[in-house]
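In: could you work out the structure for the sequence below:
(one chain, ligands or ions: 4)
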Amino acid sequence: MPLHPTSIRPRLATAALLTAAALVAAGATPLAAGAAPAPAAPALAAPDIPVASVKAHLTQLQSIATANGGNRAHGRPGYKASLDYVKGKLDAAGFTTSVKQFTSGGRTGYNLVADWPGGDTNQVVMAGAHLDSVTAGPGINDNGSGSAAILEAALTVSRTQFKPAKHLRFAWWGAEELGMVGSRNYVNSLSVTDRSRIDGYLNFDMVGSPNPGYFVYDDDPALEQVFKDYYGGLGVPTEIETEGDGRSDHAPFKSAGIPVGGLFSGADYRKTAAQAQKWGGTAGKAFDACYHSACDTSANIDTTALDRNSDAIAYALWELAQ
Ligand code: DTR
Ligand code: CA
Ligand code: ZN
Ligand code: ZN
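Out: Numbering: from 1, shown residues only. Ligands and ions are numbered 1, 2, ... in the order given. Alright, predicted model coming up:
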């Protein structure tokens, strides 16, 4: 049984029931007499994601920006160098990677999709983050943070040789800052059947804001709940994400009828006094005062928020995919 009653697409349970019913209708015995059903493998607890490893990826993304005119924007050399960095790590860890090229604004962009071999490809659990920055700066919180967090989650899948029942897929999107171009391109490229195979898409766009809030997308009840469970266990209160509805790469998935969820630590909105009470930080100041600016550097990260959100990502993947 799924952990949560209002689960994302409970197709497995439905399929199992239909199969059993069909067997009974055909006069077959679903189980040999006396044979006990194979016990379900015990669910593995999610691993801790080392925040130092996530920060090491951010250091690399910062260096890439510095070496390429100060940004990692769509159509600029810093974007492709970022993609090559992430792809190199995933290839070495045993992922099946694919780079899809597209054109936007007369410049070439790329999505990177990484599949972890195994699991039921009719039940895909997907995590994504945009890898492009704006041209104004290196984009370390927006969105090196989400990119590095899901990269380290993927590398942890490999390190632990996680063998989930469902199929895991990770994606790094190009040209989000031009209007979710890469993710829209990807969703448009999928057949109706391939779309229906995605049980859930989790989006991580800004998860290390320097004056952080803890926001959970409320688009799908089961995906929302898994993050609330994680934060409930930490004793950290969360709020529903309202700042970015439709403003990131989950939007094309949602429009296509795919359940979406995600985390967000805040952009240019200001933290209220009530939020500073429960989360700490500075009331009256933006969650990320360097949003879309040159100062969105590796100094523009709250390590605690990055750590919690990285661990929450692993928790959600391990819960949803087993
Ligand atoms: N990260 C911003 C877009 C954005 C603003 N608020 C939210 C909330 C949730 C996700 C994304 C956003 C950007 O890419 O510019
Ligand atoms: Ca951690
Ligand atoms: Zn942005
Ligand atoms: Zn962003």
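
In: going forward, measure contacts between C-alpha atoms and count neighbours the same way
Out: OK.

In: the residue of the stretch 151-300 of the chain found nearest ligand 4: neighbour count?
Out: Nearest residue of the stretch 151-300 of the chain to ligand 4: residue 205, at 4.8 Å (CA to the ion). Number of residues near residue 205 (other CA atoms under 10 Å) recorded here: 28.

In: where does the prediction get shaky in the stretch 51-200 of the chain?
Out: Of all residues in the stretch 51-200 of the chain, none has pLDDT under 70.

In: relative to ligand 4, which residue of it is the closest?
Out: Closest point on the stretch 51-200 of the chain to ligand 4, by CA to the ion, is residue 142, at 4.6 Å.

In: is it fair to say that residue lies in a helix?
Out: Yes - membership of residue 142 in a helix is supported by DSSP: H, G, I helix; E, B strand; the rest coil.

In: give me the number of residues near the residue lying closest to it once chain neighbours are set aside?
Out: Nearest non-adjacent residue to residue 142, counting by CA to CA, 6 or more residues apart in numbering: residue 206, 5.1 Å away. Using other CA under 10 Å, residue 206 has 28 other residues around it.

In: ok, now residue 42?
Out: 7.

In: would you check how far apart it and ligand 2 are?
Out: Separation of residue 42 from ligand 2 (CA to the ion, to the nearest Å): 23 Å.

In: in terms of pLDDT, where does that residue sit?
Out: We have a pLDDT of 74 for residue 42.

In: helix, strand, or coil at it?
Out: Classified using three-state DSSP, residue 42 is coil.

In: next: residue 126.
Out: Reduced to three states by three-state DSSP, residue 126 is strand.

In: was I right about it contacting residue 169?
Out: Yes - assessed by CA atoms under 8 Å, residue 126 is found in contact with residue 169 at 4.7 Å.

In: strands of the stretch 201-322 of the chain, start to end?
Out: 215-216, 239-240, 260-264 (DSSP state E, counting those that start in this stretch).

In: my bad, should have said the stretch 1-150 of the chain
Out: Under DSSP E, counting those that start in this stretch, the stretch 1-150 of the chain gives strands at 96-104, 107-116, 120-130.

In: would you mind getting the angle between the last one and strand 107-116?
Out: Relative orientation of strand 120-130 and strand 107-116, computed by axes from the mean of the first three to the mean of the last three CA atoms, to 10 degrees: 140 degrees.

In: tell me which strands strand 120-130 pairs with, and in which orientation.
Out: strand 166-173 (parallel), strand 198-204 (parallel) (DSSP bridges).

In: turn those strands into CSV, including distance to residue 59 and mean neighbour count.
Out: Shown next, in CSV, are these (distance: least, CA to CA, whole Å; neighbours: other CA atoms under 10 Å):
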stretch, distance to residue 59, mean neighbour count
strand 166-173, 18, 25
strand 198-204, 19, 25
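
In: mind giving me a markdown table with these and columns for distance to residue 46?
Out: Output for these, formatted as a markdown table (distance: least, CA to CA, whole Å):
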| stretch | distance to residue 46 |
| --- | --- |
| strand 166-173 | 14 |
| strand 198-204 | 16 |
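
In: so for residue 274, which of those strands sits nearest?
Out: strand 198-204 (24.5 Å; CA to CA).

In: put the alpha carbons of that closest one into CSV.
Out: The C-alpha coordinates for strand 198-204 follow below in CSV (Å, rounded to 0.1, in the frame of the first residue of the first chain):
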residue,chain,number,x,y,z
ILE,A,198,5.5,9.7,-15.2
ASP,A,199,4.0,9.2,-11.7
GLY,A,200,5.3,12.5,-10.5
TYR,A,201,7.7,15.4,-11.3
LEU,A,202,9.5,17.1,-8.5
ASN,A,203,10.9,20.6,-9.2
PHE,A,204,13.8,22.3,-7.3
